[in-house]
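Enquirer: output the structure for:
(one chain, ligands or ions: 1)
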Amino acid sequence: MIHRTPVITRSNEIYERAKKVVPAGSQTFSKGVTQFVEGFAPKYLHRGKGSRVWDVDGNDYLDYIMACHPIILGYADPDVNAAVMEQLELGSTFSLMNELEVDVTEQLIDAIPCAEAARFGKNGADATTVAVRVARAVTGREHVAYCGYHGWHDWYIANTDLNSGIPEFAKQLSHSFNYNDLDSLEAIFKAHPGQVACVIMEPLTILEPKDNFLHEVKKMAHHYGALLIFDEIITGFRFHFGGAQALTGVTPDLATFAKAISNAIPLSAIVGKKEYMFALEKTFFSFTYGGDCIGLAAAKACIPKLKREKVPDHLWTVGTRLKDGYNALVASHGLEEFTSCIGYPCRTIISFTGQGRYDELEMKSYFQQEMIRRGILWTAYHALCWSHSMDDIEYTLEAYDEVLGLFRKVVDSGQSLRPLIEGEPVKPVFRKVADFNSYVTKKRG
Ligand SMILES: Cc1ncc(COP(=O)(O)O)c(C=O)c1O
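Expert: Residues are numbered from 1 along each chain as shown. Coordinates of the predicted model:
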């Protein structure tokens, strides 16, 4: 087992340059310095292969972040890379359409239950935003009920605490409901009768659906004349080949996919029933890189490989060992009141509860620091990929065993955690500011 305080000189040098010219420091919020122990953790990665990455100072890590989930096969997958390089030689994007657009559309239709047609974007938020637009076009309504995270565009970010620059009307049109809480969804329909265009949600999250929740959401959405959109940008091809809809048997009207469909070569897709998808003939969804062949060539190689290699099965197998192994270690250290590994095995998260004695972000920071010291790049969740081997999992469990042992000593000694964190603790992810309940209270009050 590695025990190493990583030397991060080059990371720090680059960051000093970035601070002067890169607003917010980073292109992607969750890759920036606020999400890692600043002063201890590396800041810039240089390359990756399989399940491993190397930072700009030459330190290597087993990675569980996988670029925020799109790496489903592994970094620099040889099949996807070969397809991309072959396409680069032919040309990356053209003056007319390219057959790849139709090839990948047909692959998605074969794989995804609700898919009768598809269009492509580059980011996940392209797909969720156009899905909301299609629902508005089809229903002639403007309000949106949502559950989960759906990207950076106005309609979604309006009700978070990073909403500066977003017009007031956007805040009035989007309303969040809670997973496994049908009443919170129905309250939105009742507060805006005949005005809700769609329900957009992540179908499976860390929580398991209770009491047939997804079936009931679909029934309620249709009862009130709204479309059901599954945001499968995380679940797509990770929980099951064909997405959460293939796993749960609940088929939405529209769905969005990104991340894993092309092993992180940028591509996203809206798919769905023809009767709704062809609303795209009456609204403008068009951009220079819409049919970019690099992402499409990657998807054309990635999607069959996911099926051929039974990648989702692999993620469930290694993920089950990781989840059960962590929870067994927690029990052996007598730490059940403070931490557990939760979620579906193919996508788990380490949850922390301070019990009034520890700040949860300090707990996360301490664990992150000690996992990094053991050569594991970690931010509490496990974005597993096909390249994570059982040996990787066993190594990770050995690391967890040591870190849990360290934390047990902290608990026993009554020490506080802050002095043990060798840098700035991680900061919270941005929050919703106006969840539906406070919105209703404001309106009623
Ligand atoms: C469920 C879900 N929807 C939408 C998005 C937005 O995707 P992107 O960041 O590619 O725009 C994300 C990104 O993490 C996501 O997890």
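Enquirer: which residues are in contact with whichever residue of the stretch 1-150 of the chain sits closest to the ligand?
Expert: Closest to the ligand within the stretch 1-150 of the chain is residue 124: 2.2 Å, counting by Cβ to the nearest ligand atom. Every residue, glycine included, has its C-beta placed from N, CA and C. Residue 124 sits next to 150-151, 231, 233, 256, 258-259, 268 when contact means Cβ atoms under 8 Å, 6 or more residues apart in numbering.
Enquirer: those also near the ligand: which ones?
Expert: Contacts with the ligand within these, counted by Cβ under 6 Å from any ligand atom: 150-151, 231, 233, 258.
Enquirer: any chance of these in JSON lines, plus distance to residue 87?
Expert: JSON lines is the format used below for those (distance: Cβ to Cβ, whole Å):
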{"residue": "150", "distance to residue 87": "30"}
{"residue": "151", "distance to residue 87": "26"}
{"residue": "231", "distance to residue 87": "28"}
{"residue": "233", "distance to residue 87": "23"}
{"residue": "258", "distance to residue 87": "19"}
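Enquirer: just the buried members of those residues?
Expert: Buried subset of those (neighbour count, 16 or more other Cβ atoms under 10 Å): 150-151, 231, 233, 258.
Enquirer: in strands only, show me these.
Expert: If you go by DSSP state E, these have residue 231 in strands.
Enquirer: residue 336 contacts residue 328, correct?
Expert: No: the pair residue 336 / residue 328 is not scored as a contact, 10.9 Å apart, by Cβ atoms under 8 Å.
Enquirer: run through the residues of the stretch 51-200 of the chain sitting next to the ligand.
Expert: So far as Cβ under 6 Å from any ligand atom goes, the stretch 51-200 of the chain lies against the ligand at 68, 123-125, 128, 148-151.
Enquirer: with distance to residue 391 as added columns, please give those in a markdown table.
Expert: As requested, those are exported to a markdown table (distance: Cβ to Cβ, whole Å):
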| residue | distance to residue 391 |
| --- | --- |
| 68 | 24 |
| 123 | 34 |
| 124 | 32 |
| 125 | 36 |
| 128 | 37 |
| 148 | 33 |
| 149 | 32 |
| 150 | 36 |
| 151 | 35 |
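Enquirer: got the contact list for residue 252?
Expert: 114, 203, 218, 228-230, 245, 272.
Enquirer: then residue 366?
Expert: 407, 410, 417, 420-421.
Enquirer: the same query, at a cut-off of 6 Å, please.
Expert: 417, 421 (Cβ atoms under 6 Å, 6 or more residues apart in numbering).
Enquirer: break the protein down into its domains, please.
Expert: 9-63+310-414, 78-309 (automatic domain parsing).
Enquirer: most tightly packed of those domains?
Expert: domain 78-309 (a mean of 20; mean count of other Cβ atoms under 10 Å).
Enquirer: and that one, end to end?
Expert: Start and end residues of domain 78-309 are separated by 14 Å (Cα to Cα, to the nearest Å).
Enquirer: ok, for residue 28, nearest residue in space, not its chain neighbours?
Expert: Nearest residue to residue 28, sequence neighbours excluded (Cβ to Cβ, 6 or more residues apart in numbering): residue 68, at 6.8 Å.
Enquirer: so how far is residue 259 from the one you found?
Expert: 8 Å (Cβ to Cβ, to the nearest Å).
Enquirer: likewise residue 108?
Expert: 14 Å.
Enquirer: moving C-terminal of the helix or strand harbouring residue 364, what's the next helix or strand?
Expert: Using DSSP states H and E, residue 364 sits in helix 360-373. Downstream of helix 360-373, the next assigned helix or strand under DSSP H and E is strand 376-377.
Enquirer: before we move on, the earlier item: now the helix holding residue 364 - C-alpha only, PDB.
Expert: As requested, the backbone C-alpha atoms of helix 360-373 are provided in PDB (Å, rounded to 0.1, in the frame of the first residue of the first chain):
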ATOM      1  CA  GLU A 360     -19.500  16.100   7.400                       C
ATOM      2  CA  LEU A 361     -17.400  18.200   5.000                       C
ATOM      3  CA  GLU A 362     -14.400  17.700   7.400                       C
ATOM      4  CA  MET A 363     -15.100  14.000   7.500                       C
ATOM      5  CA  LYS A 364     -15.200  13.900   3.700                       C
ATOM      6  CA  SER A 365     -12.000  16.000   3.500                       C
ATOM      7  CA  TYR A 366     -10.200  13.800   5.900                       C
ATOM      8  CA  PHE A 367     -11.200  10.600   4.100                       C
ATOM      9  CA  GLN A 368     -10.300  12.200   0.700                       C
ATOM     10  CA  GLN A 369      -6.900  13.200   2.000                       C
ATOM     11  CA  GLU A 370      -6.100   9.700   3.400                       C
ATOM     12  CA  MET A 371      -7.400   8.000   0.200                       C
ATOM     13  CA  ILE A 372      -5.200  10.300  -1.900                       C
ATOM     14  CA  ARG A 373      -2.300   9.500   0.300                       C
END
